[in-house]
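> my questions are about this predicted structure, shown below with the sequence.
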2 protein chains.
Amino acid sequence: MDVARRTQGTSAGLDRERIAAAAVVLVDRDGLEHFGVRRLAEELGVDPMSIYHHIKGKAALLDAMSEAVLAEVAAGADDTPRGWEEITRWTAHRYREMAYRHPRVFPLLATRAQTSPVALAALERLVTAMREADLPDQVVADAPLMLFGFLNGYLLAVLSGGPDGVGDMPAIDATAYPTMATLTPLQAGFGSVAEFDRMLDAVLGGIRNRANRQGTR
Amino acid sequence: MDVARRTQGTSAGLDRERIAAAAVVLVDRDGLEHFGVRRLAEELGVDPMSIYHHIKGKAALLDAMSEAVLAEVAAGADDTPRGWEEITRWTAHRYREMAYRHPRVFPLLATRAQTSPVALAALERLVTAMREADLPDQVVADAPLMLFGFLNGYLLAVLSGGPDGVGDMPAIDATAYPTMATLTPLQAGFGSVAEFDRMLDAVLGGIRNRANRQGTR
DNA sequence: ACGATAAATTCTACGGTGTAGGTTTGACAA
DNA sequence: TTGTCAAACCTACACCGTAGAATTTATCGT
């Protein structure tokens, strides 16, 4: 009758990192809506309340997960490029790949304000590169919100279909929306890298133009 | 002892619309995390399970709320402009105002795929206007995802601070992130219309440029 | 070697949730 | 009058987040 259970007092080797990592695995597998402290505790072979000694509550747990996946973006970054546009492209692509790796965790990133050191460090790298390229200050100041605004919204839309990875573009009624129906062939690569690059180019172009129009600083 | 309660069988005048509207009011007041079928039922003076006769489950309830607030965007649209850029600007601003009116409902819009007739009709208007202006098909096909990608991500970021309306930009550690600290004065109007217009201009500029570069159709 | 202290884990319990399944009521057509 | 049906209610269940206390072990000054 006695199920195998840990004795009190002994360490179970829990810490913020291990817990967050396990939570990410679990959400990747079962989805955010089935995620809960109890399920996570079972996965860790531990009592639910043990988690609360390392993380204050469910909200903090979600923050820890965000931080964990966000850390993947800059992990092992030895090939970081130099120019502001290259850095931005590189960051955007790494960010996208992370989102595709954790499509069910990603909504957390887009929904919750990111103020962790990992997030801020990435932004700092970005804006210093832009500043060194003598982009006007206002353009630089706007860039992070604009870039990650687009990235979050776009990736959210592209990933919010199937349970894993990209969902198909929802089929459209050709008689009710004729113009949109005409365009569907051109949206074939919904969620593809090509599509992503096209839109990223447009956003970067928008930034570049504003910079040129306003002169240098 | 007997609290005032409805007798079974009599109509309570419930329907999808009334329920959704009440739900929006309730979320606007108390926030998404305190929202629940029971609270909603109490607000409506009705048994929780009554709601399920009109709406299949909580997920469908959230969809109904999204639809309700989305409908506000095009409501009473007698001043809709003509050119594609004007239509796009107009739509973006109306969308923004809706988001500020319902900051706690808005995350639903950004998170859940929008396939309701209201959403599709708005997109149809947008793409037909672009097509009539002879923008290249690929550009037109990309525009909705790009525009609403940006709008959703940006508004999500700007609204995810305080419980109502715009939250302040989180303060930054000047010694750890010197460049970002330098720029904070320029981010004073965080969430302002001016800021929104700057970024919207950049996105539209990106689209316009792609169109010019690729010629007409 | 020993007792005090602190830390990590577990146990118990409470109020809340979404919703499946069954029951009651009234309206209306035949 | 009777039969049918939709709308609303009632009951019950499994699950959730977490407050608070109990329990065990490790650590450290003496």
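Perfect, thanks for sending it. Everything numeric in this text was worked out from a predicted model, so none of it was measured.

> going forward, measure contacts between C-alpha atoms and count neighbours the same way
OK.

> who are the contact partners of residue A:40?
A:22, A:23, A:26, A:48 (Cα atoms under 8 Å, 6 or more residues apart in numbering or on different chains).

> helix or strand: which one has it?
If you go by DSSP states H and E, residue A:40 is part of helix A:37-44.

> ok, residue A:191 next?
Counting by DSSP H and E, residue A:191 is part of no helix or strand.

> what kind of secondary structure is residue A:76 in?
Look at residue A:76: counting by DSSP: H, G, I helix; E, B strand; the rest coil, its state is coil.

> again, but for residue A:171
Per three-state DSSP, residue A:171 ends up coil.

> what bits of chain A have low per-residue confidence?
For chain A, applying pLDDT under 70 flags the ranges A:1-12, A:162-165, A:167, A:216-217.

> which stretches of it form helices?
Remark: helices assigned in chain A by DSSP state H are A:16-30, A:37-44, A:58-74, A:84-101, A:106-111, A:117-132, A:137-159, A:178-183, A:193-214.

> those: which one's closest to residue B:155?
helix A:137-159 (7.7 Å; Cα to Cα).

> now the angle between helix B:137-159 and the closest one, please.
Relative orientation of helix A:137-159 and helix B:137-159, computed by axes from the mean of the first three to the mean of the last three Cα atoms, to 10 degrees: 110 degrees.

> ok and helix A:137-159 relative to helix A:84-101, angle-wise?
With the same axes, to 10 degrees as the basis, helix A:137-159 and helix A:84-101 are set at 20 degrees to each other.

> helix A:137-159 and chain B, are they touching?
Yes: for helix A:137-159 and chain B, the contact criterion (Cα under 8 Å from any Cα of the partner chain) is met by A:137-138, A:140-142, A:145-146, A:148-157.

> likewise for stretch A:20-39?
No: figure legend: stretch A:20-39 not in contact with chain B (Cα under 8 Å from any Cα); closest approach 10.7 Å.

> that stretch near DNA strand D at all?
Yes: Stretch A:20-39 comes into contact with DNA strand D (Cα under 7 Å from any atom of the strand), by way of A:34, A:35, A:36, A:37, A:38, A:39.

> which single one of these is nearest to residue A:126?
Using Cα to Cα, the residues of stretch A:20-39 next to DNA strand D come closest to residue A:126 at residue A:35, 33.9 Å.

> tell me how many other residues crowd the closest one.
For residue A:35, the neighbour count with other Cα atoms under 10 Å in any protein chain shown is 16.

> quick one: residues contacting it.
A:26, A:27.

> DNA strand C: which of the contacts of residue A:40 is nearest?
The closest of those to DNA strand C turns out to be residue A:48 (Cα to the nearest atom of the strand; 6.5 Å).

> would you mind checking the contacts of residue A:40 for buried ones?
With burial judged by 16 or more other Cα atoms under 10 Å in any protein chain shown, the buried subset of these is A:22, A:23, A:26.

> contacts only, for the first one.
If I follow you right, that is residue A:22. Residue A:22 neighbours (Cα under 8 Å, 6+ apart): A:40, A:43, A:44.

> any chance of the residues you listed in TSV with distance to residue B:192 as columns?
Formatted as TSV, the contacts of residue A:22 follow (distance: Cα to Cα, whole Å):
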residue	distance to residue B:192
A:40	41
A:43	45
A:44	45
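
> of those, closest to residue A:120?
For the contacts of residue A:22, the residue nearest residue A:120 by Cα to Cα is residue A:40; the value is 28.5 Å.

> for the closest one, give its distance to residue A:50.
11 Å (Cα to Cα, to the nearest Å).

> now residue A:166
36 Å.

> who has more neighbours out of these two?
residue A:166 (19 against 13).

> just give me the neighbour total for the residue lying closest to that one once chain neighbours are set aside.
Distances taken as Cα to Cα, 6 or more residues apart in numbering or on different chains place residue A:159 nearest to residue A:166, at 4.6 Å, with adjacent residues excluded. Applying the criterion other Cα under 10 Å, we find 24 residues in the vicinity of residue A:159.

> just give the closest residue to residue A:34, not the sequence neighbours.
residue A:27 (7.8 Å).

> the one you found contacts residue A:105, correct?
Yes: the pair residue A:27 / residue A:105 is scored as a contact, 6.5 Å apart, by Cα atoms under 8 Å.

> how about the helix holding residue A:40 and DNA strand C, any contact?
No: residues of helix A:37-44 are not located near DNA strand C by Cα under 7 Å from any atom of the strand, the shortest gap being 7.7 Å.

> quick one: buried residues of that helix?
A:37, A:40, A:41, A:44.

> which residues are in contact with residue A:58?
Contacts of residue A:58 (Cα under 8 Å, 6+ apart): residue A:37.

> state the distance from it to DNA strand C.
13 Å (Cα to the nearest atom of the strand, to the nearest Å).

> roughly how far apart are that residue and residue A:173?
On the measure of Cα to Cα, residue A:58 and residue A:173 end up 42 Å apart.

> more neighbours, residue A:27 and residue A:105?
residue A:105 (24 against 20).

> chain center to stretch A:189-196, what's the gap?
Distance of stretch A:189-196 from its chain centroid, counting by Cα atoms, centre = their mean, to the nearest Å, is 17 Å.

> with stretch A:62-80 instead?
Distance of stretch A:62-80 from its chain centroid, counting by Cα atoms, centre = their mean, is 9 Å.

> now do stretch A:15-33
15 Å.

> again with stretch A:86-105
7 Å.

> one more: stretch A:191-210?
On Cα atoms, centre = their mean, the centre of stretch A:191-210 falls 18 Å from that of its chain.

> ok so, going back, now, which of the contacts of residue A:40 sits nearest DNA strand D?
Nearest to DNA strand D among the contacts of residue A:40, with distances taken as Cα to the nearest atom of the strand, is residue A:48, at 5.5 Å.

> isn't the closest one right up against residue A:55?
No: the pair residue A:48 / residue A:55 is not scored as a contact, 11.5 Å apart, by Cα under 8 Å.

> give me the common contacts of the two.
By Cα under 8 Å, 6+ apart, no residue touches both residue A:48 and residue A:55.

> returning to what we had before: what's the most distant pair in the contacts of residue A:40?
Maximum distance among these (Cα to Cα): 14.8 Å, for A:26 and A:48.

> what count of nearby residues applies to residue A:87?
Residues near residue A:87, counting by other Cα under 10 Å, number 18.
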